[in-house]
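> sequence and predicted model, in that order:
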Amino acid sequence: MPTPKPLENYTSYNGLPQLAGLCTVEEAGKPGLSVEECVRRLKRFHYAFKRLHQILTARITAEPIYELKTGFAHHAYLCAEHVTALRTRIAEMREPPLGLEDVPHPALEAFFDEILAAPTTRELLGGVYSIAVMSLDLAIRDYVNATNPLTDAPSRRALRFARLELDDMLKWGKACDAGLDHGPSEPGWAKLLYVLQDLLDTAGGIDGAETVDSALQQKVLPRCYSATPYQYDPVPRRDERFTDPWNQGVNAESFLYNETFPARAKALMMLYKRLREIDVPEMMASIIAQTPGKPWGYYRDMSRQLWDEARHAMMGEVGFVALGVDWTKVKITFNWSYRLNTECTPMERHGVLYFIEQGLMPKTGKRHEFEVGQQSGLPLIATLQDFDWADEVLHSQIGRQWYVPEFGTLQKALAYGDQAWSKVLSNWATVKAQGLTNHENWWPAVYAQACAAEGVVPDPVVLAFDETYEGKRADLQRIAAE
Ligand SMILES: [Fe+2]
Ligand SMILES: [Fe+2]
């Protein structure tokens, strides 16, 4: 006589889903992982997301390719959110101290150090996406399958969201790899792959659930690129579509506040201002990379703002494309991120950011830009500016939470930012004198292109706009001649 199986034979009441739809009674009837084991593995996932966040952030500034720069900004933010969710969950399961800042295994630390220090973009992409993200996703899958779906429902919920986004990241990484797969193969990649695999084996996998033989445990950890500690590179780089990156030849603000200019032309200038914001992620990445020891909430919030600024740049790109303008004809300067990153401390950079953003909140700032968007008769521009304004409200709160308290009063915090800003404010003549740019006025060509796409004749006064950040061009030529 076969033994009866009570769990299998237990039927649903009137066919209704069992256990609030989590799983069946049969599935919940298997013991699953202990709380001790869950916490141990969740702490490993937390560490992996934290290191991925660190790596992706640190590589934003010097990565030249715009699509990768913005992609890293996006994924760093996603990782930061999963770090936050895992910290919350771990804190629900155990009393402090939680040891969330501890390194779970030295080989796991070396594994991420190696990826951080990968010298080329292809190796970085391979290390982050093909190896780290892939291994993390598989380790989370194993956890989800092994833990009890009823007792550990809150962890499974957090990990379900994490896997959704890890899957997006994996697809993106694969597509980038395919897109870049036309140069010579990376000589270092085979070696890095071998080292990463070796380190992961020594760590017992991302989750530490694999048995590690004693010979491997005794082995000296192999290090390839991280033998000397990684140094953050603060110098922003751009790809070949960003020509003339020192050019500050067009004063966008002077154009936007000129009451005689039409809103439709101003929309174009606002798109330039949006796309130019690609320098904010380049700069904010330097603050995050060079400000250790803050509470986790600081990194989460700063990464959110960094990602918003990358989105603002992409809004500019989308707007230009929608208006039939080749945005590569617009000169997108990196003067701001370059000088802040190389001449100011991380606190001064944060001060400059906060000071500038405070100036955006009054009536003349983001509200004005939104209203111009509405007046332009271009609904897309109004949408872009509407959300740009909303994001700024959040950024202002982030500044109030993490920057202002460093100074005690708002006045002192603003004065500090103002002072740092004046230090780097103008170098129009310097970069010209050094032969880095001629501050070419790109406006007439771009405006003419937009008019041609719209099928209208350019307004001659708008077309002739020729004002730089130091006044009229003629004045500057005179100053330069003196
Ligand atoms: Fe912005
Ligand atoms: Fe902002």
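Yep, that arrived. Ligands and ions are numbered 1, 2, ... in the order given.

> up against ligand 1, what does the stretch 201-350 of the chain have?
Taking CB under 5 Å from the ion, the part of the stretch 201-350 of the chain that reaches ligand 1 is made up of 277, 309, 312. Any C-beta I mention is one placed from the backbone N, CA and C, and that applies to glycine too.

> put the buried members of these into a ChimeraX selection.
Applied in ChimeraX, the following selects the buried portion of those according to 16 or more other CB atoms under 10 Å:
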select :277,309,312
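
> can I get the residues of the stretch 201-350 of the chain next to ligand 1 in CSV with secondary structure and pLDDT?
Supplementary listing: those in CSV, determined by DSSP: H, G, I helix; E, B strand; the rest coil; pLDDT from 0 to 100:
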residue, secondary structure, pLDDT
Glu277, coil, 97
Glu309, helix, 98
His312, helix, 98
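
> list just the nearest of the residues of the stretch 201-350 of the chain next to ligand 1 to Gln385.
Among these, His312 lies closest to Gln385 (CB to CB), at 10.2 Å.

> tell me the contacts of the nearest residue to that closest one once chain neighbours are set aside?
Using CB to CB, 6 or more residues apart in numbering and skipping the chain neighbours, the partner closest in space to His312 is Glu277 (4.4 Å). Shown in contact with Glu277 (CB atoms under 8 Å, 6 or more residues apart in numbering): 309-310, 312-313, 316.

> now do Leu100
Contacts for Leu100 (CB under 8 Å, 6+ apart) come out as 43, 46, 87, 90, 296.

> dump those residues to a markdown table, plus neighbour count, secondary structure and pLDDT.
Below are the contacts of Leu100 laid out as a markdown table (neighbours: other CB atoms under 10 Å; DSSP: H, G, I helix; E, B strand; the rest coil; pLDDT from 0 to 100):
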| residue | neighbour count | secondary structure | pLDDT |
| --- | --- | --- | --- |
| Lys43 | 21 | helix | 98 |
| His46 | 22 | helix | 98 |
| Arg87 | 20 | helix | 98 |
| Ile90 | 20 | helix | 98 |
| Trp296 | 15 | helix | 98 |
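
> between these, which is nearest ligand 1?
Nearest to ligand 1 among these: Trp296, at 23.6 Å, using CB to the ion.

> for the closest one, give me its contacts.
Counting by CB under 8 Å, 6+ apart, Trp296 makes contact with 83-84, 87, 100.

> so how far is Val321 from it?
Counting by CB to CB, to the nearest Å, the separation of Trp296 from Val321 is 37 Å.

> rewinding a little: and the two most separated of the contacts of Leu100?
Lys43 and Trp296 (13.6 Å).

> all strands of the stretch 351-482 of the chain, in order?
Using DSSP state E, counting those that start in this stretch, the strands of the stretch 351-482 of the chain run over 467-468, 471-472.

> avg pLDDT for the first one?
Strand 467-468 comes out with an average pLDDT of 90.

> and it, which strands flank it?
Strand 467-468 sits in its sheet next to strand 471-472 (antiparallel), going by DSSP bridges.

> thinking again about what came up before, just put the contacts of Leu100 in CSV and tack on distance to Val461.
Output for these, formatted as CSV (distance: CB to CB, whole Å):
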residue, distance to Val461
Lys43, 64
His46, 59
Arg87, 57
Ile90, 63
Trp296, 53
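
> which among those residues gets closest to Tyr77?
Trp296 (13.8 Å).

> quick check: which ranges of the stretch 251-400 of the chain have low pLDDT?
Along the stretch 251-400 of the chain, segments meeting pLDDT under 70 span 363.

> quick one: the helices in the stretch 201-350 of the chain, in order.
Assigned by DSSP state H, counting those that start in this stretch, the helices in the stretch 201-350 of the chain fall at 214-218, 252-256, 263-276, 279-289, 296-322, 335-343, 346-358.

> and what of the stretch 1-150 of the chain?
6-9, 25-28, 35-58, 66-93, 106-116, 121-125, 134-146.

> so for ligand 1, which of those helices sits nearest?
Distance to ligand 1, taken as CB to the ion, is lowest for helix 66-93 among these, at 12.2 Å.

> what helices or strands is that closest one leaning on?
If contacts are counted by 3 or more CB pairs under 8 Å, 6 or more residues apart in numbering; DSSP states H and E, helix 66-93 sits against helix 35-58, helix 153-180, helix 279-289, helix 296-322.

> if we use 10 Å, what do you get?
Applying 3 or more CB pairs under 10 Å, 6 or more residues apart in numbering; DSSP states H and E, one finds that helix 66-93 contacts helix 35-58, helix 121-125, helix 134-146, helix 153-180, helix 279-289, helix 296-322.

> mind putting the contacts of Glu277 in a markdown table, distance to Leu196 included?
A markdown table is the format used below for the contacts of Glu277 (distance: CB to CB, whole Å):
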| residue | distance to Leu196 |
| --- | --- |
| Glu309 | 31 |
| Ala310 | 28 |
| His312 | 35 |
| Ala313 | 32 |
| Gly316 | 37 |
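
> sorry, back to before: quickly compare the helices and strands packed on helix 66-93 and say which is most buried.
Each of those was scored by mean neighbour count; the highest is helix 279-289, a mean of 26, by mean count of other CB atoms under 10 Å.

> picking up where we left off before, can I get the helices of the stretch 1-150 of the chain in CSV with distance to Thr202?
Converted to CSV, those look like this (distance: least, CB to CB, whole Å):
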stretch, distance to Thr202
helix 6-9, 40
helix 25-28, 34
helix 35-58, 14
helix 66-93, 23
helix 106-116, 4
helix 121-125, 20
helix 134-146, 13
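
> wait, what's in contact with the residue minimising distance to the centre of the chain?
In the chain, the residue lying closest to the centroid (CA atoms, centre = their mean) is Ala73, at 1.6 Å. Shown here is Ala73, whose contacts under the criterion CB atoms under 10 Å, 6 or more residues apart in numbering are 56-57, 60, 63, 278, 280-282, 284-285, 303, 306-311, 313-314.

> now what about stretch 169-182, what contacts it?
So stretch 169-182 is contacted by 52, 56, 65, 67-68, 71, 74-75, 78-79, 121-122, 125-126, 128-134, 136-137 (CB under 10 Å, 6+ apart).

> show the model's pLDDT score for whichever residue of the stretch 101-250 of the chain sits closest to ligand 1.
In the stretch 101-250 of the chain, no residue comes nearer to ligand 1 than Pro236, which is 16.4 Å away by CB to the ion. With respect to pLDDT, Pro236 has a value of 98.

> can you report phi and psi for it?
The phi/psi pair for Pro236 (degrees, to the nearest 10) reads phi -70, psi 140.

> mind checking pLDDT for the residue nearest to the centre of the chain?
98.

> apart from its chain neighbours, what residue comes closest to it?
Spatial nearest neighbour of Ala73, excluding adjacent residues (CB to CB, 6+ apart): Ala310 at 3.7 Å.

> please consider this matter closed, and thank you.
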